[in-house]
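Enquirer: only geometry, no sequence info:
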Ligand SMILES: [Zn+2]
């Protein structure tokens with residue numbers, strides 16, 4: 001793989017003298033995807049927190065009688 005924009009015809013980064021970017025384009029793609037996933041995860045976490053609060057306040061049956069399963073799993077995921 002050639003360096004992006006390499007003009008000195010180097011075979012690898014160590015040989016390159018023109019300051020080209022030798023980072024694998026895949027790395028940039030994965031970084032970008034990771035950033036998007038982080039934002040989505042954050043948004044989902046906020047939404048789940050909101051659901052949890054509403055459930056706890058408005059659905060007394062789920063909040064108190066189903067504590068061993070559903071609510072415990074939810075609390076474990078949210079870390080509350
Ligand atoms: Zn070069």
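Expert: That came through fine. Given the structure is predicted, the values throughout are model-derived calculations rather than measurements. Numbers count the residues shown, from 1 in each chain.

Enquirer: how about the residues of the chain near the ion?
Expert: Counting by CB under 5 Å from the ion, the residues of the chain lying close to the ion are 6, 8, 10, 16, 18, 20. From N, CA and C alone the C-beta is placed, and that goes for glycine too.

Enquirer: contacts only, for the fourth one.
Expert: Listed by CB atoms under 8 Å, 6 or more residues apart in numbering, the contact set of residue 16 reads 3, 6, 8, 10, 22.

Enquirer: and what of the fifth one?
Expert: By CB under 8 Å, 6+ apart, the contact list for residue 18 reads 5, 6, 7, 8, 10.

Enquirer: if any of those residues are buried, put those into a PyMOL selection.
Expert: Applying 16 or more other CB atoms under 10 Å to these, the buried members can be selected in PyMOL as follows:
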select buried, resi 6+10
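
Enquirer: okay if I get the contacts of residue 18 as TSV plus secondary structure and pLDDT?
Expert: What follows is the contacts of residue 18, written out as TSV (DSSP: H, G, I helix; E, B strand; the rest coil; pLDDT from 0 to 100):
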residue	secondary structure	pLDDT
5	coil	91
6	coil	94
7	coil	95
8	coil	94
10	coil	93
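
Enquirer: can you lay out the contacts of residue 18 as JSON lines showing distance to residue 26?
Expert: Listed next are the contacts of residue 18 as JSON lines, based on distance: CB to CB, whole Å:
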{"residue": "5", "distance to residue 26": "17"}
{"residue": "6", "distance to residue 26": "17"}
{"residue": "7", "distance to residue 26": "23"}
{"residue": "8", "distance to residue 26": "23"}
{"residue": "10", "distance to residue 26": "20"}
